[in-house]
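Asks: Attaching a predicted model along with its sequence, questions to come.
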Amino acid sequence: MRVVRISDDALALACGADAVAAAFVAAGCTVERVSSWGMHWLEPLVEIDGIGYGPATPADVASILDGSSTKSIDLIAEHPFIASQQRLTFARAGRTRALSLDDYIATGGWTGFHRARAMAPDQVVAEVLASGLRGRGGAGFPAGIKWKTVADAPGDRKYIVCNADEGDSGTFADRMLMEGDPFQLIEGMAIAAYAVGAGQGYIYVRSEYPHAITKLRAAIDLAADFIAPFRLEVRVGAGAYVCGEETSLLNSIEGKRGEVRAKPPLPALKGLFGCPTVVNNVLTLAAIPHILTEGGASLYDSLGLDRSKGTMPIQLAGNIRHGGLYETAFGITLHALIHEVGGGTASGRPVKAVQVGGPLGAYIHPDRFDLPFAYEAYAGADALIGHGGVTVFDDTADMGRMARFAMEFCAAESCGKCTPCRIGSTRGVELIDRIRAGGRASADSVESLPQMHNARKAGRSRAEELQLLEDLCDVMQSGSLCALGGFTPYPVMSALRHWPEDFGT
Amino acid sequence: MWEHRAMSDTRDLVRLIAAHAGMEGALLPILHDVQHAFGCVDGEAEAEIAKALNLSRAEVHGVVSFYHDFTPQADPRPRVELCRAEACKARGVEAMVPAAEKAAGSQVQLKTVYCLGLCSAGPNARVGDTLHARLDEAALVALIEGAR
């Protein structure tokens, strides 16, 4: 009986993997449902004896089995997309069954955890510090420093919270990890709990990820004995993008409106229910088991560029031919990512812009595609790498419309706590509309009211409206409580700077 | 999908709430269960939940109205969620919206979501817990018509 391996990742399912699997079963094969390799343009990808075939449909089953299929990509592990990666966090991707503890243990699962438990908790924190691991959620704060703060904080009750509210468009690494290798995340959280002395952990997953929620809950049940006395629970978000911000996420778990809290106090000192709390992203916690294996921390520290250490799971999304998950050491250029790895646009048209870091990331012009993928390099170019999402746009994209959408998105998702974000985003939409219409001839009905003493009574030229947009962005950037209002100016101003022709004349 | 029941069936509501007794931060899990069972979280449910959790009705209402997933009234029509975030825009979802709206008409709720996490294979949509990727206009229209 031939063993056929097909992913049950949400993306493979959305592309019809279940029908393909059923067709192989009907043909008398044994089908193993494994995690996804991350070569999304080939999903559903069928693997038989290491050879891949994709994208497969039920009609391809006969030709795949008799060897005449034209959809073969040869050995998957030697495919350039896979062979050129350096996978640490995603080492098991495509190779194991998500909910098989046997597969997990056979591929080195729990070794980091056992080693950590044999060490003193402060030594574990020291190794994470030495690895140079920085938070993968977007801010890039050193994980070891956060852990040390929680470990040193007084209190009997401490929490580990995993931020799995992956709301950024163009990102899916958290989802792939939770669906494909949930035990690795659980192990990372258990190590964190041991290091800082926490008894309870929560994984806050967005409701848009039903498959990840199901897999995680099943995995937690299976792993409960391994991680005891540490207890872990999944909490489901409710469609609010802003809950990816750590303090609003904590409010949401507590059963409150997902409004952002002012910092200080830091969540590390007063977090969930007022107790010291580690809040880390999925990818940060999933990197921990590797770091805690023998020599893992120094390997991690040896990879990357400057202060961006280790590997980053980069997500190639949008209008790209070979989209998917590409984990590599920091330092790779956008040119290499998009043209060499990604094969250019899916539409075959020229690349116009790339948004790195989700809806709050800057649009990067092809002139800057030599920028190395690293926290400081991007910050220096008024951009951010965020959660590592790279969304490609071809030359049909209207950047003025995308800038307007950034403001519109901020208005729709603002938690309403601070004024620059709540009001500024709505005013931003109106401003961009006016700029694209070429300014306006007279004051509007509100400005004309007698009580609006300071409002301008004449119209505004397009140049004046542009100046106003810059001022508004400046206020949002420095006056907002969190990154939603604070970073929305990145896509807006980068679009305006590089593609002024898309804003009308 | 959920089964629509009269809100006056408070015993079900009380049982749903009681299932979370003693849980830390039980409000969101309760709201999810109520939304799932009744298709909405209405004023009566808010009052019952407030009583059980020793909160004010205003506090519960504030939470219900904050999150997109909770609705004050049940809508028995089938729902199709279409992603219109950046990555799906880059793959041409906006051009498909007029045809999708026409296909939905008044029989299907066509909702916009921001990201289903399938960003390398858009445009994407969700019906219940089933995801659909690589949609073109014809496939999206067929999906919406099939949901009716």
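Replies: Right, received. Where do you want to start? As the structure is a computational prediction, the values presented were derived from the model and not from experiment.
Asks: now residue 84, nearest residue through space, not along the chain?
Replies: Reading this off chain A. A:V341 (7.1 Å; Cβ to Cβ, 6 or more residues apart in numbering or on different chains). Backbone N, C-alpha and C define where each C-beta goes, glycine included.
Asks: Actually, chain B is the one I wanted.
Replies: B:T112 (4.9 Å).
Asks: Doesn't the one you found lie inside a helix?
Replies: No: assigned with DSSP: H, G, I helix; E, B strand; the rest coil, B:T112 falls outside any helix and is strand.
Asks: list the contacts for it?
Replies: Counting by Cβ atoms under 8 Å, 6 or more residues apart in numbering or on different chains, B:T112 touches B:81-84.
Asks: Paired strands for the longest strand belonging to chain A, with orientation please.
Replies: Assignment by DSSP state E gives strand A:311-318 as the longest strand of chain A. Paired with strand A:311-318 in the same sheet, following DSSP bridges, are strand A:324-329 (antiparallel), strand A:389-394 (parallel).
Asks: Residue 109: how many residues sit nearby?
Replies: This is for chain A. Residues near A:G109, counting by other Cβ atoms under 10 Å in any protein chain shown, number 23.
Asks: sorry, should have said chain B
Replies: 14.
Asks: what does the average pLDDT come to for stretch B:80-94?
Replies: Stretch B:80-94 shows a mean pLDDT of 97.
Asks: Would you mark the buried spots in that stretch?
Replies: B:80-93 (16 or more other Cβ atoms under 10 Å in any protein chain shown).
Asks: got the contact list for A:A192?
Replies: A:147, A:160, A:198, A:201, A:278, A:280, A:285, A:288.
Asks: Could you list which of those residues also contact chain B?
Replies: Among the contacts of A:A192, no residue sits close to chain B (Cβ under 8 Å from any Cβ of the partner chain).
Asks: Go through the residues you listed and say which is closest to chain B.
Replies: A:G201 (11.8 Å; Cβ to the nearest Cβ).
Asks: picking up where we left off before, okay, the contacts of A:A192 in CSV with neighbour count, distance to B:V97 and pLDDT next?
Replies: Listed next are these as CSV, based on neighbours: other Cβ atoms under 10 Å in any protein chain shown; distance: Cβ to Cβ, whole Å; pLDDT from 0 to 100:
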residue, neighbour count, distance to B:V97, pLDDT
A:W147, 27, 46, 98
A:I160, 29, 41, 98
A:A198, 25, 46, 98
A:G201, 25, 41, 98
A:V278, 28, 42, 98
A:N280, 26, 37, 98
A:L285, 31, 38, 98
A:I288, 30, 42, 97
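Asks: Where does the record place the domain boundaries for chain B?
Replies: For chain B, automatic domain parsing gives the domain ranges B:10-66, B:79-147.
Asks: A:G504 is nearest to which of these?
Replies: With Cβ to Cβ, the closest approach to A:G504 among the domains of chain B belongs to domain B:79-147: 18.5 Å.
Asks: Just the ones of the contacts of A:A192 in strands?
Replies: A:160, A:201, A:278, A:280.
Asks: Next up, the contacts around the third one.
Replies: Spelled out, that is A:V278. A:V278 neighbours (Cβ under 8 Å, 6+ apart): A:146-147, A:150, A:158-161, A:192, A:196, A:198, A:268, A:271.
Asks: what do you get for the last one?
Replies: Remark: with contacts taken as Cβ under 8 Å, 6+ apart, A:N280 is in contact with A:135, A:137, A:143, A:146, A:160-163, A:192.
Asks: give me the beta-bridge partners of it?
Replies: Beta-bridge partners, per DSSP bridges, of A:N280: A:C162.
Asks: got it, and A:Q355?
Replies: A:Y363, A:T391.
Asks: from what I can see it touches A:A495, true?
Replies: No: at 9.3 Å, A:Q355 does not count as touching A:A495 under the criterion of Cβ atoms under 8 Å.
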